[in-house]
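Student: coords please:
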Amino acid sequence: MNNIFDSHCHYDDHWFDHDRQAVLDRVLGEGSCVSYVNHAATDTASALFGIECAKKYKNFYTSVGFHPEFANVLPPDWEQKLEELYLAAKATGKLTAIGEIGLDYHYEGYDREKEIEVFEKQLVFAKCKDLPVIVHCRDATADTMELLKKHGSRGVIHCFSGSGETAKEAVDMGFYIGFTGVLAFKNAKKALKALEQVPMDRLLLETDCPYMAPPPYRGQRCESPMIAEVVKVVAQQKGLTTQQVCDMTCDNAKRLYGIHTPE
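Tutor: Take a look at the predicted model:
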């Protein structure tokens, strides 16, 4: 199979510190099954990494945004910084979205009110710039969905871990749903139920690398080509060929992210 679009990855992670360039050269090089990757920024340094890679690699795209885990430590001028990052990314012609933004109620010590404030301001920013959002939602479904509805946002709920009912609600709102290697896990019943509610024209595939490598790579550093294992699961569940899944999900990502390439 070929034409895989990894719609959400983190090649700036420390797991790639010793061989990052070699990995990207291989993943995006000739003969790879991967056609495109989209870097999901999490803070200023992450966004700058994505911008530089977008300049260097033809099929590397990037977002800009602040992840909820950093809501408590953002500087007072973070909104100005977001504007600067937006302009720098836009200048590359490779800016896809505002993200990774959202809510994370999983860990103790996070300031939920601050998370909501930062998330909401970034939703407003994205709408003003006519960009989709890449949404992180962990143990915060009700508040996340409420804010997305409030602001009439569009985009993708990445690394989807919610119920089938939530998946259907998000799709009905116009959102795309991103699935990771979790779909291929042995205990993936909840994820497979959610997949049933997602039509093929709203489905994105992602690694969230370096995390959540699918079988048979469990425990290893995840890389974009491993999406092939998720493609197999989707193909079986949807009654399609693996190449059809690759082509359809690639088209979906390009549509969402506003990527126009010669056929």
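Student: ok, now which ones touch the closest residue to residue 200 other than its chain neighbours?
Tutor: Nearest non-adjacent residue to residue 200, counting by CB to CB, 6 or more residues apart in numbering: residue 248, 5.2 Å away. No exception for glycine: its C-beta is placed from N, CA and C like everyone else's. If you count contacts by CB atoms under 8 Å, 6 or more residues apart in numbering, residue 248 has them with 200-201, 203, 240.
Student: Flag the shaky bits of the stretch 151-263 of the chain, pLDDT-wise.
Tutor: Applying pLDDT under 70 to the stretch 151-263 of the chain flags residues 262-263.
Student: How are the helices of it distributed by residue range?
Tutor: 164-172, 189-196, 227-238, 242-257 (DSSP state H, counting those that start in this stretch).
Student: which stretch among those helices comes nearest residue 221?
Tutor: Nearest of the helices of the stretch 151-263 of the chain to residue 221, taken as CB to CB: helix 227-238 at 14.1 Å.
Student: Next, the angle helix 189-196 makes with that closest one.
Tutor: 70 degrees (axes from the mean of the first three to the mean of the last three CA atoms, to 10 degrees).
Student: The closest residue to residue 175 other than its chain neighbours: what's it in contact with?
Tutor: Using CB to CB, 6+ apart and skipping the chain neighbours, the partner closest in space to residue 175 is residue 157 (5.7 Å). Contact partners of residue 157, counting by CB under 8 Å, 6+ apart, are 135, 137, 144, 170, 175-178.
Student: Now residue 84: phi and psi?
Tutor: Per-residue torsions, residue 84: phi -60, psi -40 (degrees, to the nearest 10).
Student: tally of neighbours for it?
Tutor: 14 (other CB atoms under 10 Å).
Student: CA-only coordinates of stretch 25-43, as PDB, when you get a sec.
Tutor: Extracted in PDB, the C-alpha atoms of stretch 25-43 (Å, rounded to 0.1, in the frame of the first residue of the first chain):
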ATOM      1  CA  ASP A  25      14.500  11.300   5.400                       C
ATOM      2  CA  ARG A  26      13.300   7.700   5.400                       C
ATOM      3  CA  VAL A  27       9.700   8.300   6.200                       C
ATOM      4  CA  LEU A  28       9.300  11.000   3.600                       C
ATOM      5  CA  GLY A  29      11.800   9.600   1.100                       C
ATOM      6  CA  GLU A  30      11.300   7.900  -2.200                       C
ATOM      7  CA  GLY A  31       9.800   4.500  -1.900                       C
ATOM      8  CA  SER A  32       8.100   5.200   1.400                       C
ATOM      9  CA  CYS A  33       4.400   4.200   1.800                       C
ATOM     10  CA  VAL A  34       3.900   7.600   3.500                       C
ATOM     11  CA  SER A  35       3.000  10.500   1.200                       C
ATOM     12  CA  TYR A  36       2.400  13.300   3.800                       C
ATOM     13  CA  VAL A  37       2.800  14.000   7.500                       C
ATOM     14  CA  ASN A  38       1.300  16.700   9.600                       C
ATOM     15  CA  HIS A  39       3.200  17.900  12.700                       C
ATOM     16  CA  ALA A  40       0.900  18.800  15.600                       C
ATOM     17  CA  ALA A  41       2.500  21.600  17.500                       C
ATOM     18  CA  THR A  42       2.200  21.800  21.300                       C
ATOM     19  CA  ASP A  43       4.100  24.900  22.300                       C
END
